[in-house]
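Undergrad: Sequence and predicted structure below; questions after.
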Amino acid sequence: MLTLVTGTTGEVGRRFVPRLLQQAPPGDRVRVLVRDESRAADLAGLTGPAGLGPEIAVGDLRDAEALGKALAGADAVVNIAAAFRGVPDEEARAVNRDAALELGRAALASGVRRFVQVSTNLVYGTGRGRPLTEDDPSVPGGAMWGAYPQSKAEAERGLLALEGAMDVRIGRLAFVYGEGDPHLAASLRWAGQWAAIQRLQMVHHVDVAQGLLRLLYAPGAGGTGIYNIADDAPVTAVDLHRINGVDVPPALYERADPDPWHGIVSTDRIRHDLGFRPVYPSLWTARDAGAL
């Protein structure tokens, strides 16, 4: 099987590709799509157990000709490419929605059999008073809502609506951290404005890769093909300050949590269908293992 991976120079992609190379079955090949070949130098030096490294395809997701070349002969796609907060809304929609849908249509036309779309648990929007499940619809709202989750939700719907023989699977990631990822420190930008008990559900890069690999290789997906990928123990704003070695602002203890179940998800489906079990079930186990 030949798998094309996008977004391979980002925080998730550059940690996922080495694990894909190491865990892919014998004979499988990996191709990575990069916009700038010079940024793929580290990836080009990677090898799997058979001594094979990734094939490098250069091009932009929004370039139809480049997509055609990158998808030639591919059996599967893992689309990690994303534009996060800090970019203009138009850019977020262009990358997260438009480019993802163009990639999906091109993959279907090229005969790709499986398409794994990396999404976010923020697509749920507001909380429902319980852990969110994959069958819950997107309800826009909440402090974290914006062009990023909205565009990801629209991409999900468009990809799942593609008609044909391609199996589309969605991995909704919780807040990703670990292995030096700056996201953990960046969490204080929000946690510093939260109530002390306000929670964030997280997932370590090791378990992001585990979840995506299970979506990629499992022979059959249940339900709608949507899976939450998260750890077992959401942390509070106080926890986030402690783990970052920062004093907790007293104002946090004076605030009320406006939506206690915002972003808190159930992982029952991926556990039952695909055998997922977090290597790091909590932020604290990752810290104790020296994996932050």
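TA: Structure received.
Undergrad: switch to C-alpha atoms for all contacts and neighbour counts from now on
TA: Will do.
Undergrad: Regarding the closest residue to residue 177 other than its chain neighbours, what are the backbone dihedral angles?
TA: If you skip the residues right next to it in sequence, residue 177 has residue 204 as its closest partner in space, 5.1 Å away by Cα to Cα, 6 or more residues apart in numbering. Listed backbone geometry of residue 204 is phi -80, psi 150, with angles given as degrees, to the nearest 10.
Undergrad: Likewise for residue 108?
TA: Dihedral angles for residue 108 - degrees, to the nearest 10 - are phi -60, psi -40.
Undergrad: Please name the residues that touch it.
TA: Counting by Cα atoms under 8 Å, 6 or more residues apart in numbering, residue 108 makes contact with 164-166.
Undergrad: per-residue confidence at residue 168?
TA: With respect to pLDDT, residue 168 scores 95.
Undergrad: Make sure it is indeed in a strand.
TA: Yes. With DSSP: H, G, I helix; E, B strand; the rest coil as the criterion, residue 168 is located in a strand.
Undergrad: Is the nearest residue to it once chain neighbours are set aside within a helix or a strand, and which one?
TA: Ranked by Cα to Cα, 6+ apart and with sequence neighbours excluded, the top spatial neighbour of residue 168 is residue 115, at 4.7 Å. Using DSSP states H and E, residue 115 sits within strand 114-120.
Undergrad: Next SSE downstream of that strand?
TA: Reading on from strand 114-120 to the C-terminus, the next helix or strand found by DSSP H and E is helix 147-160.
Undergrad: So what touches that next one?
TA: Applying Cα under 8 Å, 6+ apart, the external contacts of helix 147-160 come out as 83-85, 89, 92-93, 96-98, 100-101, 104, 117, 119-120, 122-123, 125, 138, 140, 168, 170.
Undergrad: What residues sit buried inside the helix or strand of the chain with the lowest mean pLDDT?
TA: Evaluated with mean pLDDT, DSSP states H and E, the helix-and-strand set of the chain has its lowest mean pLDDT in helix 41-44, which scores a mean of 73. Neighbour-count burial for helix 41-44, with 16 or more other Cα atoms under 10 Å as criterion, is recorded at residue 43.
Undergrad: And stretch 90-98, by the same measure?
TA: Residues 91-98 are the ones in stretch 90-98 that count as buried (16+ other Cα under 10 Å).
Undergrad: again with stretch 106-123
TA: Of the residues in stretch 106-123, those with enough neighbours to count as buried (16+ other Cα under 10 Å) are 106-108, 110-123.
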